[in-house]
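S.K.: what's the 3D shape of this:
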Amino acid sequence: MDSYLIQVNGHGDHAPVLDVHLKNTGNTISPGKVKGRKPRWAVRASEMSKKTFNPVRAIVDSMKVEPNPKKAMISLSLGDPTVFGNLPTNDEVTRAMKEALDSGQYNGYAPSVGYQSCREAVAAYYTCPEAPLKAQDVILTSGCSQAIELALAVLANPGQNILVPRPGFSLYKTLALSMGIEVKLYNLLPEKAWEIDLEHLESLVDEKTACLIVNNPSNPCGSVFSKSHLQEILAVASRQCVPILADEIYGDMVFADCKYEPIATLSTNVPILSCGGLAKRWLVPGWRMGWILIHDRRDIFGNEIRDGLIRLSQRILGPCTIVQGALEHILHRTPPEFYHNTLSILKSNADLCYAALSAIPGLHPVRPAGAMYLMVEIEMEHFPEFENDVEFTERLISEQSVFCLPATCFEYPNFFRVVITVPEEMILEACSRIQEFCEMHYQGAEGAQDLECDK
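M.R.: Numbering: from 1, shown residues only. A predicted model of the protein is given here:
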């Protein structure tokens, strides 16, 4: 009789390997008494795919409304600074890419964590006496989104929880839920320029809390935390022994009357994974170049977190090698005037938008201090025909062809977000249409009460 001998080899960190040895003593091969099953198709989507949910896409895709055909569409919804062509990147940035491509040196695979020379360039750009960095403290990634994904994956296990700002960037929740990680939302306070409600934040911490996400400057709020507020946040993290995942993709994108403080420069004892990239400050989101900066001066992460990040980076190789080849040139030769000009345009747009929307009854914009966004509160009691911010923004599209994201996308109903990267004339036209829309639907206190009584 023929037989199979299946031997399991493997030890240490390596997965077991199945060796199959076949003893063939005739023309018939029999695996012995193996319980059979009736062949049938049973292909199902994975649990991860079922748990993956993007609230922005879910809400926007369900908004089946057509814009007003008599008015050209103005989209204030997408945080892509390249859409309208009014914010081009600098010539030095494109020159660096052309030189890297023409060199022919960057057409192959790079190490999963990025070329050593590129990691050195990023470390040299961000190092400072308060938060020194070396090449081994840098992991290059495919955009800041992958940086956030790797940071979450290395810090949290299924069944643990993370602390996420509300309102906040929807990707945090999308990634966490797909990994089986619980999301606890801590409140930001619009009346305090979107500072964190520190008491609420600390009340959420428990023995299963894996990390605290701090997004500064903020998407969707356009807020920039002061040094003193960042120190208060660090005090909570230190008391509770919770590491910080800092989303600082908008770092240094702050207006002239404000100062950006990298959170790692303010603490020596809280371990921090800071995520950033080229997308926003250099206005090239499609190039997909990001990084994780590991700040761990007390060696709390130790080798385990560093090794974990390296292992995770090896699942799928990281950022485009051509961009890596240009990276040192981009970081160190982009002229300061480029950053200044970009911020001047954004600040001017923010001021125009804030002033125009502040004059509209029923709306309360919160003045931004940086990034590319402005949040606007809707006094829903004065717009009784709309149930919520989603309906409000749907009708704004259908009547005025102006598209703003309802803040329900960011877990913060009865607000909407405005992107301020569009050309100035579009900002003014959009605000004019929003004013016309609000004047059409606004009900004063007396009118709102009458309508309520009629129900």
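S.K.: where along this protein do the helices fall?
M.R.: Assigned by DSSP state H, the chain shows helices spanning 47-51, 55-62, 91-103, 116-126, 143-155, 171-178, 198-203, 227-240, 302-313, 321-333, 336-358, 389-400, 424-441, 445-454.
S.K.: and of those, who's closest to Val254?
M.R.: Judged by Cβ to Cβ, the one of the helices of the chain that comes nearest to Val254 is helix 336-358, at 7.4 Å. Bear in mind the C-beta positions are built from the backbone N, C-alpha and C, glycine included.
S.K.: Centre of the chain to that closest one, how far?
M.R.: Distance of helix 336-358 from the chain centroid (Cα atoms, centre = their mean, to the nearest Å) equals 22 Å.
S.K.: what do you get for stretch 199-219?
M.R.: In terms of Cα atoms, centre = their mean, the centre of stretch 199-219 is set 15 Å apart from its chain centre.
S.K.: before we move on, the earlier item: format the helices of the chain as a markdown table; extra columns: distance to Thr408.
M.R.: Shown next, in a markdown table, are the helices of the chain (distance: least, Cβ to Cβ, whole Å):
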| stretch | distance to Thr408 |
| --- | --- |
| helix 47-51 | 20 |
| helix 55-62 | 6 |
| helix 91-103 | 36 |
| helix 116-126 | 35 |
| helix 143-155 | 21 |
| helix 171-178 | 13 |
| helix 198-203 | 20 |
| helix 227-240 | 26 |
| helix 302-313 | 32 |
| helix 321-333 | 35 |
| helix 336-358 | 19 |
| helix 389-400 | 6 |
| helix 424-441 | 18 |
| helix 445-454 | 22 |
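S.K.: out of these, deepest packed?
M.R.: helix 143-155 (a mean of 24; mean count of other Cβ atoms under 10 Å).
S.K.: where's the residue nearest to Phe437 when sequence neighbours are not counted relative to Arg433, distance?
M.R.: The shortest distance from Phe437 to any non-neighbouring residue, by Cβ to Cβ, 6 or more residues apart in numbering, is to Gln400 (5.0 Å). As defined by Cβ to Cβ, to the nearest Å, Gln400 lies at a distance of 4 Å from Arg433.
S.K.: any shared contact partners between these two?
M.R.: Listed as contacting both Gln400 and Arg433 by Cβ atoms under 8 Å, 6 or more residues apart in numbering are Lys71.
S.K.: For Leu374, which of the helices of the chain is the nearest?
M.R.: Of all those, it is helix 336-358 that lies closest to Leu374, at 5.7 Å by Cβ to Cβ.
S.K.: The closest one - contacts with which helices or strands?
M.R.: Other elements packing on helix 336-358 under the criterion 3 or more Cβ pairs under 8 Å, 6 or more residues apart in numbering; DSSP states H and E are strand 363-366, strand 373-378, helix 424-441.
S.K.: List the contacts of it.
M.R.: Residues outside helix 336-358 that contact it (Cβ under 8 Å, 6+ apart): 86-87, 90, 92, 222, 252-256, 281, 283, 363-365, 367-368, 372, 374, 376, 418, 420-422, 424, 427-428, 431-432, 434-435.
S.K.: so the residue nearest to Phe437 sits right up against Gln435, yeah?
M.R.: No: if you go by Cβ atoms under 8 Å, Gln400 and Gln435 don't touch, sitting 9.7 Å apart.
S.K.: and the end-to-end length of stretch 134-141?
M.R.: Stretch 134-141 stretches 17 Å from its first residue to its last (Cα to Cα, to the nearest Å).
S.K.: Using neighbour counts, pick out the buried residues of it.
M.R.: Neighbour-count burial for stretch 134-141, counted by 16 or more other Cβ atoms under 10 Å, picks out 135, 137-141.
S.K.: ok, back up a step: can you say which of the helices of the chain is nearest to Ile272?
M.R.: helix 227-240 (8.7 Å).
S.K.: Show me what that closest one is packed against.
M.R.: So helix 227-240, by 3+ Cβ pairs under 8 Å, 6+ apart, packs with strand 195-196, helix 198-203, strand 209-215, strand 244-247.
S.K.: returning to that earlier point: out of the helices and strands packed on helix 336-358, which gets nearest to Asp307?
M.R.: Here strand 373-378 is closest among the helices and strands packed on helix 336-358 (Cβ to Cβ), at 36.6 Å.
S.K.: That closest one packs against which elements?
M.R.: helix 336-358, strand 363-366, strand 415-419.
S.K.: Let me see the residues that make contact with it.
M.R.: 79, 167, 190, 194, 218-222, 350, 353-354, 357, 362-368, 389, 392, 404, 407, 412, 414-420.
S.K.: where in this protein is pLDDT low?
M.R.: Within the chain, the segments meeting pLDDT under 70 span 1-37, 445-455.
S.K.: Could you chop it up by domain?
M.R.: The chain is divided into the following domains under automatic domain parsing: 60-85+337-454, 91-334.
S.K.: Centre of the chain to the shortest one, how far?
M.R.: Read it as domain 60-85+337-454. So, by Cα atoms, centre = their mean, the centroid of domain 60-85+337-454 is 21 Å from its chain's centroid.
S.K.: Distance from stretch 239-249 to the middle of the chain?
M.R.: For stretch 239-249, the distance to the chain centre is 15 Å (Cα atoms, centre = their mean).
S.K.: What is the end-to-end distance of that stretch?
M.R.: End-to-end distance for stretch 239-249: 26 Å, by Cα to Cα.
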